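Peer 1: pasting a predicted model and its sequence here:
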Amino acid sequence: MKPTESELEILQVLWALGQVTVRQVNDELNKKREIGYTTTLKLMQIMFEKKLVTRTDEGRYHLYQSAVSEDETQQQLLDIFVDTAFKGSAMKLVMQALGNHQTSAEELDEIKKLIAQLEQNN
């Protein structure tokens, strides 16, 4: 299931911190922008229902943890983005990204290594 933008922000906190309380997630989110505790709580309850997170009882509070991997989620979102924005063309995406941004020599070396790996696998 594709997470919303707000859910993705929460998942990023969970991927970084592991198993945490709603308060800890809310504190992290508030470092970027003001968001109310009850809003974070409601979002995380919805994410639990959608099976994006798991929840464990610890006394008076719940500990939440991501139920989806970062890599899996990034791949899913990228697939959707390539399909919708670039009509399924990964080449158009790469050309757009490389043409619009300053790419370091190190990044270009990594891209070249990836291309070489892909060529070996074909």
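Peer 2: Yep, it's here.

Peer 1: does Lys2 touch Gln76 like I think?
Peer 2: Yes. Assessed by C-beta atoms under 8 Å, Lys2 is found in contact with Gln76 at 6.5 Å. The C-beta positions use only the backbone N, C-alpha and C, and glycine is treated the same way.

Peer 1: more neighbours, these two?
Peer 2: Gln76 (14 against 11; other C-beta atoms under 10 Å).

Peer 1: helices and strands around the host helix or strand of the more buried one, which ones?
Peer 2: Element membership for Gln76 (DSSP states H and E) is helix 70-85. The contact analysis (3 or more C-beta pairs under 8 Å, 6 or more residues apart in numbering; DSSP states H and E) places helix 70-85 against helix 5-17, helix 90-100.

Peer 1: quick one: closest of those helices to Ala67.
Peer 2: Nearest to Ala67 among the helices and strands packed on helix 70-85 is helix 5-17 (9.2 Å), distances taken as C-beta to C-beta.

Peer 1: chain center to that closest one: distance?
Peer 2: 7 Å (C-alpha atoms, centre = their mean, to the nearest Å).

Peer 1: just stretch 106-113 next, same as before
Peer 2: 23 Å.

Peer 1: contact partners of that stretch?
Peer 2: Contacts with stretch 106-113, where a contact means C-beta atoms under 8 Å, 6 or more residues apart in numbering, come from Leu98, Thr103.

Peer 1: quick one: mean pLDDT for that stretch?
Peer 2: Mean pLDDT, computed over stretch 106-113, is 89.

Peer 1: tell me how many other residues crowd Val13.
Peer 2: For Val13, using other C-beta under 10 Å, the count is 20.

Peer 1: immediately after the lowest-mean-pLDDT helix or strand in the chain, which helix or strand?
Peer 2: Lowest on mean pLDDT, DSSP states H and E among the helices and strands of the chain sits helix 90-100, with a mean of 82. Per DSSP H and E, the first helix or strand lying C-terminal to helix 90-100 is helix 105-121.
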